[in-house]
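In: Sequence first, predicted model second:
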Amino acid sequence: SDRASQGIYEDATGPAVEGVMRGHCATVKRLLVPDEQAQIQDAIADLASKCSLVLTCGGTGFSQRDVTPEATRAVLEREAPGLIDVV
């Protein structure tokens with residue numbers, strides 16, 4: 001999120017997901033990046049090189065600046081259609 005990464009408003013979703021994951025994972029790392037496709041892709045790729053699981057939140061895909069879905073898809077090795085529906 002551009003505005004959350006600039007401190008204009010507080011990210012609520014990221015901390016909520018982090019809180020849930022802390023109850024199930026030994027290590028949790030949360031990043032907040034602006035709506036720049038290259039930065040999102042780099043963040044995902046960096047985390048994927050160190051972690052077994054990378055989750056993204058936000059990225060509804062409805063605004064012109066929201067490129068999280070495209071950035072995520074660009075770095076996927078394999079899609080898991082329907083997985084998000086059960087999460």
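Out: On my side now, so go ahead. Please read these numbers as outputs of a predicted model, since none were measured by experiment.
In: Low-confidence stretches in the chain?
Out: 1-3, 6, 59-61, 87 (pLDDT under 70).
In: Please repeat the previous calculation with a cut-off of 90.
Out: Applying pLDDT under 90 to the chain flags residues 1-36, 50-70, 77-87.
In: what secondary structure does the residue nearest the centre of it sit in?
Out: Within the chain, one residue has its C-alpha closest to the average C-alpha position: by Cα atoms, centre = their mean, that is Thr56, at 2.2 Å. When states are read from DSSP: H, G, I helix; E, B strand; the rest coil, the local structure at Thr56 comes out as coil.
In: so it makes contact with Thr72?
Out: Yes. Look at Thr56 against Thr72 with Cβ atoms under 8 Å: they come within range, at 5.5 Å. Quick note: C-beta positions are derived from backbone N, CA and C, even for glycine.
In: Find residues that contact each of the two.
Out: Counting by Cβ atoms under 8 Å, 6 or more residues apart in numbering, the contacts common to Thr56 and Thr72 are Ile40, Ile44.
In: and the residue nearest to the centre of the chain, what is it in contact with?
Out: Contacts of Thr56 by Cβ under 8 Å, 6+ apart are Ile40, Ile44, Thr68, Thr72.
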